[in-house]
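**Q** Just a sequence and a predicted model for now, questions to come.
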Amino acid sequence: MNMDLKDAVDLYRDVLQRYSQGFSLEEVLGSVAEALGGECAVLFIRKEMSSFLEPRLAWNMAEEDRERIRERLVPMEWVARQPARRYVAVDMAKLSELGLEDVCSKPSDAMLLFPVRSHAHLRAALLVAIPREISLPDQQSYRAAAIGAVLERMVELFSFEQKADGEESDKETPAVELGIISNYLIGKADHARAASLSLDLLIKLLNVDGGTIHRVRGAPGGQQAALVASRGWGGMPEIIDHLFENNLIEVLQAMRRSEEGEFSLDAGRIAEYFPGVKPFFHANQVKSFLLTPIFHEDRLVGLLTLFGKAYTAMEAKDMELLVQLSYRLGLLFSGEETGTRMAKEPAAGLDFPALVEDFARISDGALSVDDFLSTALRSVSVELGASMSFIYCGEDISPERSFLWFTDTVYGGESVFRNTPGLERMAAHLQRMAVVKPDNPAMKELPAAELASVENLVLLLVPARESGMFVLSGLYFPAERRLTKAEIDSLQPATAMLLSLARGLKERTQAEGYRRSLEILTEIEGELTACESPERALRILARGGRELLDCDRAAILVVDEKAGTFEGAVETAEGCEAADINLLASREIAAVLERGHALYSREPREEKETAAGESSPGVDRSIIAVPLIGRKGRLGGLVFEKLERDGSFGELHRRLAHFLAGQAVSVLETYMEGARLESAADENRILLRISRRLSSALTLEELCGGLSKELDATMGADLLLLSIYGKAGIRRLVWLKGEKDEAEAYEELLDAQGPLMMALSCAGRLIRNNINTFLRGPGEDELAIKGIRSYMAVALQGEDMKGVLLVGNSRSGAFSEREVALIERTASLLGTSATAPMRHDSLQGRIRLLEEMCRDQEEKVRNKTDLINMASHEIRHPLTLIMGFSEVLRDYGDTLDAMESHEVVDKLSKAADRLRRSVVNMMEVSRLESGKLGLNAEEVDLNTLLGSLVEELQARSVEHAIEVDVELGAERIVADRDKLEIILFNLMDNAAKYSSPGGTIDVFARRTSREAIIGVRDHGQGISEESISFIFQPFRQGEGKEFGPIKGMGLGLYIVNRLTEAHGGRIEVRSEHGRGSTFIAHLPQPEVGEQTHTYRSDAMRA
């Protein structure tokens, strides 16, 4: 069964969930065995400091078999001898040695032994019986790694349950810890390994990030320090070098002799005595630091340093542990002196079996490949009496290389031993042992070339290669040193064995990394499952990513391209609050994430200057940047940064980064889908409210007002403009800030040929955000005056109607995508909902039109009745005079003298003229009302026409002085002579009626290029502002209180106005109450050379 990383995570999670749900450890063990396809299983666990593994859990075994196995013990030495990577297949012969042959129910079953280690120490072993038909898991598979991780956690759970039963006491912890350290130190032949393992345990017990142990040798005044063990920080030798150069030994001796009883120097005291270390602390983010001298009988023999990237307080029991450890290290280093001096003497030869056993023992206790190679290199160098040595190790498929060195006579070896280009070439091409003498040119390209030349050292290179992994070891011997044949024959296989063990240790370290990764991934998944906030999910992913990849900084960036926004989280050792956001500001990272490709890079950092003006050394860094690609496109990216003082990123880190990116994409898409559904639900609720308002509105005004309130409450809309074009005409309604506004102010904006309407006809919508002061379109000035800064217009389309919906706001910024979608869907609803209010308004309009038609018809009937009544009165009076004076002439004509006869004839003539004028006016009114008025344009001599009218008025006993002023060029005009006569006569007669007898009436005429202007001015009582509005209506007469009742039908000005309009002109009235009135007729005239036309006015209809 193949298993990928996700399946391994699921297995690890499911097993732990079983335990958390109340399943027993035995049932959990059964889950592990079933994952392997096993039939039965036994878990052996080490008790305290015992050398044996005891059976503690059994699954799927009969009771009698359990009883027999319960008495069996498995020696730890036996398990350690098995060549296991993650597991080993054990045959029946080996099981018989331990009395465990009863575990296998069938002779054909395969027995798999899984060693369980914690911090490189054997703690338990699982024995599983698997049928032959089940394929065994691959040693490098995720399934084997997951089983190992689960077993380690099971051992921890078992130990926790034992503590819960009271088998251990917290009060005994310091003694137990001290006993553990004592077991490491006492009786160890390999002092460097003992110190290294003791440092590992001390770091774990005190919960710090790392530390070092240095061996101090030499006479007082010339003492030097050599690095024995180092964990977590490669820059510590630089600090020790700086401290030695600044009289550290004198400070420690003075501290030992003082009465204050100081045992160690913390970071504050170190910075006080040695200010030069501050840049080193700052560059490596060291917050806590403790330097403890190791004395033996008042002689400084070593230094112990501990450091952390967080502030750590030491308790009393911790200090007691530190004192005891320094004392035992002092004893260890003092006992090393004799062995060291003897080891430097030429050896008789290598004991190869003992060396192999020593290598295996060192490998079992090593935490890393570099730790194992460093300790083994020291062992071989001391055994052979080499002055210096180095190891160069790596894999062909990976650019990462390990370069380790050893010397106990040179301090400051970091500057002597450097990775050189010649090493890579030698490692790639060297197939067998080679000797490089000091005068060989090849020596210049190898480490410590200058020192080898000065001290006349010969370099012996020993290569080894296996399955793509290589080791190149170099041993420097004095020129007089001669190796024996046995030593030379042993070096090549010893190096091959070293490579094989290093390979196995690397696989074991990878398994530990897999286990830790499974735990962290499970925790991340659990936290994400319980997380409800996307912001917290981002912080969980950033924090979990930093722990998972064991890096200095981790960042996640989420980009919403549609909304144009982004958010993210950056996690450092100090947490999110102290995170440096410039990790996301790299142009290279941004470009890579933009293209959707992953980035793996290593780049140097420049030196930084501290606040004190000192130079802080730069540290190379490794970067992994992985884009987050979802189903609908790019979501963002994950970025991890690691300073290479703690090592660089490897292939496992890249896989974990991609796996975490997959989890991040899944979480982000889940949140985004939830947010989208929630937004859609909110939008649907809003649209439902809008739809209810639209459907309940009876009129367009009510619809527009309700819609304005909804959009204001939803998106803060300040302006709502609704323009609808239907069969009933154009309706425009405007609501501004909750109040109805005048629609005429927006005529220019809604011009059919304007940019707004043209854009709507092409695209269906137009969005204008932040209207520019200098680049406003037609009609946008009015919007700016009313405070509107942005607006969106959408075309409306419905049944028998078209229109525009315009929504504006006064806030700065653009319409969001959600607001745009809401306005578009509202416009769609309007296309269907506005039909009913439009029909209602149309019906109301028709009703109002019918009412107006009825009123107009009633008005016409009333006017006709008034006309008949007044006509009968106007005609009856002159007819009565004509009939009476005619009878006088008939009956008494012979008796009248000439004067009396002339008087009677004159009265008959005036009565006939009055009758003629009344009939003419009534005929003109009839033509105007029927629309059958015809005009015959001809040239008219104004002087002649006005002269005849003046004579006629004076003949009618008009007691006014009439002055006529016709300017030059206005003597002849084009008009209908009869109609012009009626116009002028009525104006002059009207002036005579409304001015006092004896007054002056001015008649004037002038000509412009396109019109003739004829006016009549009187100096009578004038017309009030209220009366001017209706003086041109039929049967309406002005005030005549000053001169008594005014005779006439009230048709004169009405006829004047209509006849002037029939000429295409207009009447202008200028009047001031009490000072007279002026009526001016503007008659259009053809330019010179144009022909005179006869035209008919069909537009003059009542």
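**A** Great, that's in hand.

**Q** Alpha carbons only: can I get stretch 40-50 in CSV?
**A** What follows is stretch 40-50 as a C-alpha-only set of coordinates in CSV (Å, rounded to 0.1, in the frame of the first residue of the first chain):
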residue,chain,number,x,y,z
CYS,A,40,-0.4,-9.5,16.2
ALA,A,41,2.1,-7.1,17.9
VAL,A,42,4.1,-6.6,21.1
LEU,A,43,5.6,-3.3,22.3
PHE,A,44,8.7,-3.5,24.5
ILE,A,45,9.6,-0.3,26.5
ARG,A,46,12.7,0.6,28.5
LYS,A,47,12.1,1.2,32.2
GLU,A,48,14.0,4.1,33.7
MET,A,49,17.8,3.5,33.2
SER,A,50,17.5,-0.2,32.7
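
**Q** which outside residues touch that stretch?
**A** 29-30, 32-33, 52-61, 69, 74, 76, 100, 103, 105, 122-129, 151, 154-155, 158, 179-180, 183 (Cβ atoms under 8 Å, 6 or more residues apart in numbering). Where C-beta positions appear, they are placed from N, C-alpha and C, glycine not excepted.

**Q** Cross those residues against strands and list the overlap.
**A** Members of these lying in strands (criterion: DSSP state E): 52-59, 74, 122-129.

**Q** can you pull out the helices in the stretch 251-400 of the chain?
**A** Secondary structure of the stretch 251-400 of the chain by DSSP state H, counting those that start in this stretch: the helices cover 267-273, 278-283, 316-344, 352-365, 369-384.

**Q** what do you get for the stretch 551-700 of the chain?
**A** Using DSSP H, counting those that start in this stretch, helices in the stretch 551-700 of the chain cover 587-595, 651-696, 700-715.

**Q** out of the helices of the stretch 251-400 of the chain, nearest to His214?
**A** Nearest to His214, of all the helices of the stretch 251-400 of the chain, is helix 316-344, at 10.2 Å by Cβ to Cβ.

**Q** tell me the average confidence for that closest one?
**A** Averaging pLDDT along helix 316-344 gives 67.

**Q** same thing with stretch 231-238?
**A** 66.

**Q** and it, how far apart are its ends?
**A** Using Cα to Cα, to the nearest Å, the end-to-end distance of stretch 231-238 comes out at 15 Å.

**Q** And stretch 282-291, by the same measure?
**A** 17 Å.

**Q** Sort out which residues of that stretch are buried, please.
**A** Neighbour-count burial for stretch 282-291, counted by 16 or more other Cβ atoms under 10 Å, picks out His282, Ala283, Asn284, Gln285, Val286, Ser288, Phe289, Leu290, Leu291.

**Q** From Leu549, how far out is the fourth one?
**A** With the distance defined as Cβ to Cβ, to the nearest Å, Gln285 ends up 17 Å from Leu549.

**Q** How about the third one?
**A** For Asn284, the distance to Leu549 under the criterion Cβ to Cβ works out to 19 Å.

**Q** Next: Ser389.
**A** 33 Å.

**Q** Could you work out the most separated pair of the buried residues of stretch 282-291?
**A** Ala283 and Leu290 (19.0 Å).

**Q** Spell out which strands sit alongside the strand or helix carrying Asp1002 in the sheet and which way each one runs.
**A** Using DSSP states H and E, Asp1002 sits within strand 1000-1007. Note on strand 1000-1007: by DSSP bridges, its sheet partners are strand 961-966 (parallel), strand 1011-1017 (antiparallel).

**Q** Leu43 in helix, strand or coil?
**A** Three-state assignment for Leu43 (DSSP: H, G, I helix; E, B strand; the rest coil): strand.

**Q** Run through the bridge partners of it.
**A** Leu57, Leu126.

**Q** which intervals of the stretch 51-200 of the chain have sub-threshold pLDDT?
**A** Applying pLDDT under 70 to the stretch 51-200 of the chain flags residues 83-85, 102-108, 118-121, 139-140, 142, 156-194, 196-197, 200.

**Q** Going along the chain, name the helices of it.
**A** So, for the stretch 51-200 of the chain - with DSSP H, counting those that start in this stretch - the helices run 63-70, 76-81, 92-98, 142-164, 173-185, 191-206.

**Q** that older thread, now render the strands paired with strand 1000-1007 as JSON lines, adding mean pLDDT and mean neighbour count.
**A** Below are the strands paired with strand 1000-1007 laid out as JSON lines (pLDDT from 0 to 100; neighbours: other Cβ atoms under 10 Å):
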{"stretch": "strand 961-966", "mean pLDDT": "90", "mean neighbour count": "15"}
{"stretch": "strand 1011-1017", "mean pLDDT": "92", "mean neighbour count": "21"}
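
**Q** wait, which of these is closest to Ala449?
**A** The nearest among those, by Cβ to Cβ, is strand 1011-1017 at 113.9 Å.

**Q** Please compute how far the closest one lies from its chain's middle.
**A** 76 Å (Cα atoms, centre = their mean, to the nearest Å).
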